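In: how would this look folded up:
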Amino acid sequence: MIGMSTNIRNIGVLIWLLFLASSCRQSSASNNLEITERKEFIHDLDLDKIKARGYVTALMDNSSTGLFIYRGKTMGYEYELLKRYSDELGVELRIDITPSLEEAFNKLNTGVGDIMAYNLTVTKERKKRIAFTHYHNQQHLVLIQRKPEGWRELKYHEIEAQVIRNPIDLIGKEVTVRSHSSYYDRLVNLSEEIGGDILITPGDIQMETEQLIRAVAEGGMDYTVVENNIALVNSTYYRNLDIKTAISFPQQIAWGIRKNAPNLLNSLNGWIEKMRKTTDYYVIYDKYFKSSKASLARSRSKYSTMSGGHISPYDSLIQHSAIELGWDWRLLAAQVFKESKFDRKAKSWAGAIGLMQVLPRTAKDYNVTNLTDPARNVHAGTMHLLWLQNLWKKDIEDKDERIKFVLASYNVGRGHVLDAVRLTEKYGGDATKWSEVREFLLKKSYTKYFSDPVVEFGYCRGAEPVGYVDEILEIFSNYEVIIDSDQTVAVGD
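Out: Sure thing, here's the model as predicted:
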């Protein structure tokens, strides 16, 4: 009998869904963006100008599918796709974390950002305001609700009897959803379709979708609505959530761009079509939406910005050392991640050891012997950075520029960087600007340049130190948008 009643229930839900297909109407909800009644300024910034300036800016949120930091590594489904696109385009990817969707729409159209990447549902109303790329995937909306108390001891039919399966049962229930989202509009339409009022509450404008899901899991609210792929990821973190009740048919998920940027749109569409045919795309998708064990590990780690906020087990050491250097601690953390990925036992082919990959002969100058000890290793690395910084201080006045010379020198040795400085001066460049010196460091792998009379240290595979500096600065920029600069960690944390 239980199986028969379940089948009847499923048939009822199917009939209800078919009814939706024939009767779905547009909403005039007050929460909806009043985009049909106003002209919005749209900044003139298409692909040619983006390429010319050298970077593309993505508007995102800090979430398990957008962008987050895990053990020092920048991760996220949207982020990994965007990084591949920007690399193919040959420009830097910059990130602007903007929790408010309405603010993100404004930033996009005023030129602060170029791509909205929010697991964004394509709707007719939104298409009046922005353009959408080809969809990445299709998702349906589901109701997020808690399973009943003691659900682990209950039988399946007992759980089913206490959760909402028929959306009609949402009449009179309060459902909190992300402000200015398509979820709100869907619930307004659903209220009309089921012939009763759902009490729809917009969440705080700064609250991201996953914060609402957490609030349901922890009992702060009873219901919310999200796409099923986000629901699947979060149900891994919160086992007491039920995500089985569908409240829409599949919808397209895409990126948003300005309506007056056709070349950017064509570029993105071509790339998306090509990317969706690759194994790489499905590997990325599965990593975030189907690898439940990995998702659970990330969610429970205190070294994840989704839950803990620490970058590494060595944050306190890095913060104290950064004070000695006069650096933002997140910059030094980015360098340590680049050097060792926070592995205190790491060893390189050249004999460098530990967190900051210090050579024993260098450590000896600072009276350090045990380089596998994190505190001593970071001390030796910091002292070497401080020495380099003091040497460059007399030649490079600008602090931000000087840091680039220091990082390059840490990687390849100050002598090779000085060779590049002398070549820059010889060919009429500005030797205080890293953007010019880096070009001659790259050229030191060519005979014409490494055999030049002003060069003292000979051949150099310049791509390595140049890439080293670029990558650290990129990691740092990602840390900047997610981790507070004044976040402090007590020694021993």
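In: how about the strands in the stretch 251-400 of the chain?
Out: 251-257 (DSSP state E, counting those that start in this stretch).
In: Could you list the low-pLDDT ranges of it?
Out: 299, 307-308 (pLDDT under 70).
In: Which residue comes closest to residue 346 once chain neighbours are left out?
Out: Spatial nearest neighbour of residue 346, excluding adjacent residues (C-beta to C-beta, 6 or more residues apart in numbering): residue 340 at 4.0 Å. In this view, the C-beta of every residue, glycine as well, is placed from N, C-alpha and C.
In: if I look at the one you found, how far off is residue 374?
Out: In this view, residue 340 and residue 374 are 10 Å apart by C-beta to C-beta, to the nearest Å.
In: With residue 234 instead?
Out: Using C-beta to C-beta, residue 234 is found at 34 Å from residue 374.
In: Please identify which of the two sits among more neighbours.
Out: Remark: of residue 234 and residue 374, residue 234 carries more neighbours, 25 against 19, as counted by other C-beta atoms under 10 Å.
In: Number of residues surrounding the nearest residue to that one once chain neighbours are set aside?
Out: The shortest distance from residue 234 to any non-neighbouring residue, by C-beta to C-beta, 6+ apart, is to residue 213 (4.7 Å). Residue 213 has 25 neighbours, counted by other C-beta under 10 Å.
In: Residue 213 reaches residue 238, doesn't it?
Out: Yes. Using C-beta atoms under 8 Å, residue 213 is in contact with residue 238, at 7.1 Å.
In: From residue 330, how far off is the residue positioned nearest the centre of the chain?
Out: Taking C-alpha atoms, centre = their mean, the centroid of the chain lies closest to residue 67, which sits 1.8 Å from it. Going from residue 67 to residue 330 by C-beta to C-beta gives 15 Å.
In: now do residue 412
Out: 23 Å.
In: and what of residue 440?
Out: Remark: distance between residue 440 and residue 330 (C-beta to C-beta) = 29 Å.
In: give the contact list for residue 336.
Out: For residue 336, the contact set (C-beta atoms under 8 Å, 6 or more residues apart in numbering) comprises 72, 312, 314, 318, 342, 355, 356, 378, 381.
In: Can you flag the buried ones in these?
Out: Buried members of the contacts of residue 336, scored by 16 or more other C-beta atoms under 10 Å, are 72, 312, 314, 318, 342, 355, 356, 378, 381.
In: which residue packs closest to the fifth one, ignoring adjacent ones?
Out: The shortest distance from residue 342 to any non-neighbouring residue, by C-beta to C-beta, 6+ apart, is to residue 312 (4.3 Å).
In: give the contact list for the one you found.
Out: 71, 72, 303, 318, 333, 336, 337, 342.
In: ok, now residue 396?
Out: So residue 396 contacts 402, 405, 432 (C-beta under 8 Å, 6+ apart).
In: List the contacts of the second one.
Out: Okay, so that is residue 405. Neighbour list for residue 405: 392, 396, 417, 434, 437 [criterion: C-beta under 8 Å, 6+ apart].
In: now the first one
Out: Residue 402 sits next to 389, 392, 393, 396 when contact means C-beta under 8 Å, 6+ apart.
In: Apply 6 Å and report the result again.
Out: 392, 396 (C-beta atoms under 6 Å, 6 or more residues apart in numbering).
In: And it, how close does it get to residue 383?
Out: 17 Å.
In: Now for the residue lying closest to residue 199 once chain neighbours are set aside, how many residues are close by?
Out: Using C-beta to C-beta, 6+ apart and skipping residues adjacent in sequence, the residue nearest residue 199 is residue 174, 4.2 Å away. For residue 174, the tally of surrounding residues (other C-beta under 10 Å) stands at 12.
In: doesn't residue 197 make contact with residue 174?
Out: No. Between residue 174 and residue 197 there is no contact under C-beta atoms under 6 Å: 10.6 Å.
In: any idea which helix or strand carries residue 107?
Out: Remark: residue 107 resides in helix 101-109, with elements defined by DSSP states H and E.
In: In terms of secondary structure, what does the next helix or strand after that helix contact?
Out: Using DSSP H and E, the helix or strand that follows helix 101-109 in sequence is strand 115-121. Contacts defined by 3 or more C-beta pairs under 6 Å, 6 or more residues apart in numbering; DSSP states H and E place strand 115-121 against strand 55-60, strand 251-257.
In: any idea how far residue 141 is from the residue nearest to residue 199?
Out: 17 Å.
In: go on, residue 149?
Out: Going from residue 149 to residue 141 by C-beta to C-beta gives 26 Å.
In: neighbour count winner among those two?
Out: A direct count of neighbours by other C-beta under 10 Å for residue 149 and residue 141 places residue 141 higher, at 24 against 9.
In: Quick check: that one touching residue 246?
Out: No. Judged on C-beta under 6 Å, residue 141 makes no contact with residue 246 at a distance of 7.2 Å.
In: where do the helices sit along the stretch 351-493 of the chain?
Out: Assigned by DSSP state H, counting those that start in this stretch, the stretch 351-493 of the chain shows helices spanning 360-364, 374-393, 399-412, 414-426, 434-443, 447-450, 463-482.
In: quick one, the second one and helix 399-412 angle?
Out: I take that to be helix 374-393. 120 degrees (axes from the mean of the first three to the mean of the last three C-alpha atoms, to 10 degrees).
In: quick one: contacts of helix 374-393?
Out: So helix 374-393 is contacted by 314, 317, 321, 324-325, 344, 354-356, 358, 362-363, 366, 368, 370-371, 402, 405-406, 409 (C-beta under 6 Å, 6+ apart).
In: Spatially, what comes nearest to residue 357 if we skip its sequence neighbours?
Out: Nearest non-adjacent residue to residue 357 (C-beta to C-beta, 6+ apart): residue 339, at 4.3 Å.
In: hang on, the one you found packs against residue 359?
Out: No. Residue 339 lies out of contact with residue 359 (C-beta under 6 Å); the separation is 11.9 Å.
In: okay, the two: which has more neighbours?
Out: For residue 339 versus residue 359, neighbours defined as other C-beta under 10 Å are more numerous around residue 339 (23 against 16).
In: So this protein: which segments form each domain?
Out: 2-30+141-248, 50-135+257-300, 315-482 (automatic domain parsing).
In: Can you give me the end-to-end span of the shortest one?
Out: This means domain 50-135+257-300. Terminal residues of domain 50-135+257-300 are spaced 38 Å apart (C-alpha to C-alpha, to the nearest Å).
In: And the strands in the stretch 101-250 of the chain?
Out: Going by DSSP E, counting those that start in this stretch, the stretch 101-250 of the chain shows strands at 115-121, 131-132, 137-139, 141-146, 174-177, 199-202, 223-227, 241-246.
In: Now tabulate those strands in TSV and tack on distance to residue 286 and mean pLDDT.
Out: As requested, those are exported to TSV (distance: least, C-beta to C-beta, whole Å; pLDDT from 0 to 100):
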stretch	distance to residue 286	mean pLDDT
strand 115-121	16	92
strand 131-132	24	97
strand 137-139	12	89
strand 141-146	20	97
strand 174-177	28	96
strand 199-202	33	95
strand 223-227	17	96
strand 241-246	18	96
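In: mind putting those strands in a markdown table, distance to residue 349 included?
Out: Formatted as a markdown table, the strands of the stretch 101-250 of the chain follow (distance: least, C-beta to C-beta, whole Å):
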| stretch | distance to residue 349 |
| --- | --- |
| strand 115-121 | 38 |
| strand 131-132 | 48 |
| strand 137-139 | 41 |
| strand 141-146 | 50 |
| strand 174-177 | 53 |
| strand 199-202 | 56 |
| strand 223-227 | 46 |
| strand 241-246 | 47 |
